[in-house]
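Participant: Could you look at this predicted model? Sequence included:
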Amino acid sequence: MDGSLDAREQMGERMTASHANVLSDEEKVQLYHDGYVVLKNAVDPSLTSAAKALISQQPDLIVYGDNPIINGVYNDSILPDVLDEAMGPHTRPLNAQVAVVMPNRVDGVVKRAFDAKNPPPMHGHVDGGWAGLCPEKVSEIKSRGQDLHTWGEDGDPHSMGPAGGAPLWQDREKTLAIGSYTALAAVCLNDQRKPGKGQFAVHRGGHHAAEALFKRQRELGGPLGGGGPLWPRLVETGNDTAFAGIMPPAMYEAYPDDNVQLDGWPWPGLTPVLMEEGDAVIALHSLPHTATPNMSDDPRMNVLFRIRRLRDDNPYEGDVRIGWGVCDHPDRTLGGEFLEYPAGYNPYEYSIDKLCDHWSEWDGMKTIVTAERDR
Ligand SMILES: [Fe+2]
């Protein structure tokens, strides 16, 4: 029998992982410009199918804890090697976010929940900010004479976001209102090649604008993140409500790509990341992204890992309380407790430096970054 690749493909044999364990120069150039890169066949089907089987039993569970099958789609694949080379040494994930987007169903029937000609607005976010519906009404906030832009500036630095996500502040001194890491690595578990499947979507190239915004916020005296200069903490969303975590207009205006025209894709400002089982996407922390509605009749399944380059002086690398792999604010614990740091190491200042110069955490990108900047 002809054992060639073509013949095996024709016979329907599943391809095994074939991506090299480093990024090519071409992929690095793409990562520099777009803020993300898709790695085809990065994860062996034996790993994705085991994870998928587990998730199918409990599709509503988001965090599985230190589960070797879930974490294995990263840890047992080429992805640690890829990021060791492109970024640098990093604590391996002890945890992950299982990101399932269920179909838009009503009473068991898939509904096109909106008119494709008049779709609901979809905005990307940068992870690590206090996000969600504000627990206070706009009228209450205004009646106290408080401003929506700086809402939370007098807030308890211990408090966490409404969805239990990121803290209101990273530090007690309130200089930093956004958590950060270095790279998001998302492993795709099922077919997401057709737009409208609930894809992870990005503002392609928006990481340049995010970095510029962080730098500008620092120049203006901070704090960095929502509530700081140029970035309102809350945005009114009608009916006396306000929402936190929306990127500011100053940044949207700087996005280079806002004309994505694809069949079945109603958001021209967002690029859907089209992948199939075993593909992975690596994106910078600062790349604004969002999940999108799933208009198919099949769940979208990804596993997300938040990876931060090792910080030599950080005593909490690998500490289970951080939730390495899932936590978007690893200078505090996953649950939001403050950590005590050794004298001479200020994790918040370090994080601010990296937000303002994200490529400084990518050892293996230095040559490409220099060349592309000079171009
Ligand atoms: Fe996110």
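Facilitator: Nice, thanks for sending it over. Numbers count the residues shown, from 1 in each chain.
Participant: okay, CA-based contacts and neighbour counts for the rest of this
Facilitator: Will do.
Participant: Please identify the helix or strand for the nearest residue to residue 133 once chain neighbours are set aside.
Facilitator: Spatially, and ignoring its direct neighbours in sequence, residue 133 is nearest to residue 243 (4.6 Å; CA to CA, 6 or more residues apart in numbering). Assessed by DSSP states H and E, residue 243 sits inside strand 241-244.
Participant: Check residue 282 too.
Facilitator: Per DSSP H and E, residue 282 falls inside strand 280-284.
Participant: Which strands and helices lie in contact with that strand?
Facilitator: Using 3 or more CA pairs under 8 Å, 6 or more residues apart in numbering; DSSP states H and E, the elements in contact with strand 280-284 are strand 36-39, strand 183-188.
Participant: any idea how far residue 252 is from the residue nearest to residue 133?
Facilitator: Using CA to CA, to the nearest Å, one obtains 17 Å as the distance from residue 243 to residue 252.
Participant: got the contact list for stretch 220-240?
Facilitator: Stretch 220-240 has contacts (CA atoms under 8 Å, 6 or more residues apart in numbering) with 129-130, 134, 137-139, 148-153, 174-178, 214, 217-218, 242-248, 250, 352.
Participant: any idea how far residue 197 is from residue 263?
Facilitator: Distance, residue 263 to residue 197, using CA to CA: 12 Å.
Participant: hang on, I meant residue 346
Facilitator: Residue 346 sits 42 Å away from residue 197, going by CA to CA.
Participant: Between residue 263 and residue 197, which is the more surrounded one?
Facilitator: Neighbours per residue, other CA atoms under 10 Å: of residue 263 and residue 197, the larger number sits with residue 197, 27 against 9.
Participant: all strands of the stretch 151-300 of the chain, in order?
Facilitator: Using DSSP state E, counting those that start in this stretch, the strands of the stretch 151-300 of the chain run over residues 183-188, 200-202, 234-238, 241-244, 271-272, 280-284, 289-291, 300-307.
Participant: Now do the fifth one: which elements does it pack against?
Facilitator: Counting contacts by 3+ CA pairs under 8 Å, 6+ apart, strand 271-272 is packed against strand 200-202.
Participant: So which elements touch the strand it packs on?
Facilitator: With contacts defined as 3+ CA pairs under 8 Å, 6+ apart, the packing partners of strand 200-202 are strand 271-272, strand 289-291.
Participant: Same list, these, but as CSV with distance to residue 229 and mean neighbour count please.
Facilitator: Listed next are those as CSV, based on distance: least, CA to CA, whole Å; neighbours: other CA atoms under 10 Å:
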stretch, distance to residue 229, mean neighbour count
strand 271-272, 28, 25
strand 289-291, 22, 21
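Participant: Among the ones you listed, which comes closest to residue 65?
Facilitator: If you check each of the helices and strands packed on strand 200-202 against residue 65 by CA to CA, strand 289-291 wins as the nearest, at 21.8 Å.
Participant: ok, residue 179 touching residue 165?
Facilitator: No. Look at residue 179 against residue 165 with CA atoms under 8 Å: they stay out of range, at 10.4 Å.
Participant: more neighbours, the two?
Facilitator: Per other CA under 10 Å, whichever of residue 179 and residue 165 has more neighbours is residue 179, with 29 against 20.
Participant: ok, the more buried one to residue 239 distance?
Facilitator: Distance, residue 179 to residue 239, using CA to CA: 30 Å.
Participant: what touches both of residue 179 and residue 165?
Facilitator: Shared contacts of residue 179 and residue 165 (CA under 8 Å, 6+ apart): residue 128.
Participant: On the three-state scheme, residue 82 is what?
Facilitator: Put simply, residue 82 is helix when judged by DSSP: H, G, I helix; E, B strand; the rest coil.
Participant: Next, give phi and psi for the nearest residue to it once chain neighbours are set aside.
Facilitator: Spatial nearest neighbour of residue 82, chain neighbours left out: residue 22 (4.5 Å); criterion: CA to CA, 6+ apart. Note on residue 22: its backbone torsions stand at phi -140, psi 160 [degrees, to the nearest 10].
Participant: Tell me which stretches of the stretch 251-375 of the chain form helices.
Facilitator: 347-355, 366-374 (DSSP state H, counting those that start in this stretch).
Participant: which of those helices sits most buried?
Facilitator: The highest mean neighbour count among the helices of the stretch 251-375 of the chain, using mean count of other CA atoms under 10 Å, belongs to helix 347-355: a mean of 19.
Participant: How many residues are close by residue 211?
Facilitator: By the measure other CA under 10 Å, the count of residues near residue 211 is 20.
Participant: List of residues touching stretch 51-67?
Facilitator: For stretch 51-67, contacts defined as CA under 8 Å, 6+ apart pick out 69, 70, 73, 94, 95, 96, 97, 98, 99, 100, 189, 301.
Participant: could you redo the last one with a cut-off of 7 Å?
Facilitator: Contact with stretch 51-67 is made by 69, 70, 94, 95, 96, 97, 98, 99, 100, 189, as judged by CA atoms under 7 Å, 6 or more residues apart in numbering.
Participant: Give me the pLDDT for residue 318.
Facilitator: Note for residue 318: predicted pLDDT of 97.
Participant: Correct me if wrong: it contacts residue 90.
Facilitator: No. Residue 318 is beyond contact range of residue 90, at 9.3 Å (criterion: CA atoms under 7 Å).
Participant: From residue 82, how far out is residue 327?
Facilitator: 21 Å.
Participant: pretty sure the residue nearest to residue 133 contacts residue 134?
Facilitator: Yes. Using CA under 7 Å, residue 243 is in contact with residue 134, at 5.5 Å.
Participant: what about stretch 260-274, start to end distance?
Facilitator: From its first residue to its last, stretch 260-274 covers 13 Å (CA to CA).
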